[in-house]
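# Dropping a prediction and its sequence here:
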Amino acid sequence: MSHTCDKRISTDDNSPLAYYNNIMIRDYNTMASVATKGSGLLNRLLVQARPQLDVFLKYAKVELTPPTPGDIPAIRQSIVKEAWLNTLVTAEVIFWFYIGECIGKRHLVGYNV
């Protein structure tokens, strides 16, 4: 489907109206060809992306659903375990940070100023 406009005013007419009319027609024809090519490109893109989109939707239906009421006890149990583990890791990092500070300043309390 091609959209073109052939309503040009003759180039013998040197009026500004003819000049701007011809520019507008040229721009219209350019945009019409860009729109036609763009829609064809979009259709090809959708055809090529369809298999990946189908796979994504298949996994999204399973992985992105909210938890059911039967899942909540298992989630709570794993959250408590992870929270305790994260607390221990944080305490270890803080501990080693302060040990490094004491080694770096070569004193237990304060810096030598």
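Received, thanks.
# Check the offset of the worst-scoring helix or strand of the chain on mean pLDDT from the chain's centre.
Lowest by mean pLDDT, DSSP states H and E among the helices and strands of the chain is helix 16-63, with a mean of 82. Using C-alpha atoms, centre = their mean, to the nearest Å, the mean C-alpha position of helix 16-63 is found 20 Å from that of the whole chain.
# what's the helix or strand just after that helix packed up against?
Following helix 16-63 in sequence order, the next helix or strand is helix 72-105 (DSSP states H and E). With contacts taken as 3 or more C-beta pairs under 8 Å, 6 or more residues apart in numbering; DSSP states H and E, helix 72-105 sits against no other helix or strand. All C-beta spots, glycine's among them, are computed from the backbone N, C-alpha and C.
# Buried ones in helix 72-105, by neighbour count?
With burial defined by 16 or more other C-beta atoms under 10 Å, not one residue of helix 72-105 is counted as buried.
# what's the spacing between it and its chain's center?
A distance of 33 Å separates the centroid of the chain from that of helix 72-105, by C-alpha atoms, centre = their mean.
# Average pLDDT for that helix, rounded please.
For helix 72-105, mean pLDDT is 89.
# Give me the distance between residue 56 and residue 21.
Distance, residue 56 to residue 21, using C-beta to C-beta, to the nearest Å: 49 Å.
# These two: which is more packed in?
Using other C-beta atoms under 10 Å, the more surrounded residue of residue 56 and residue 21 is residue 21, with 15 against 11.
# Good, we can wrap up now.
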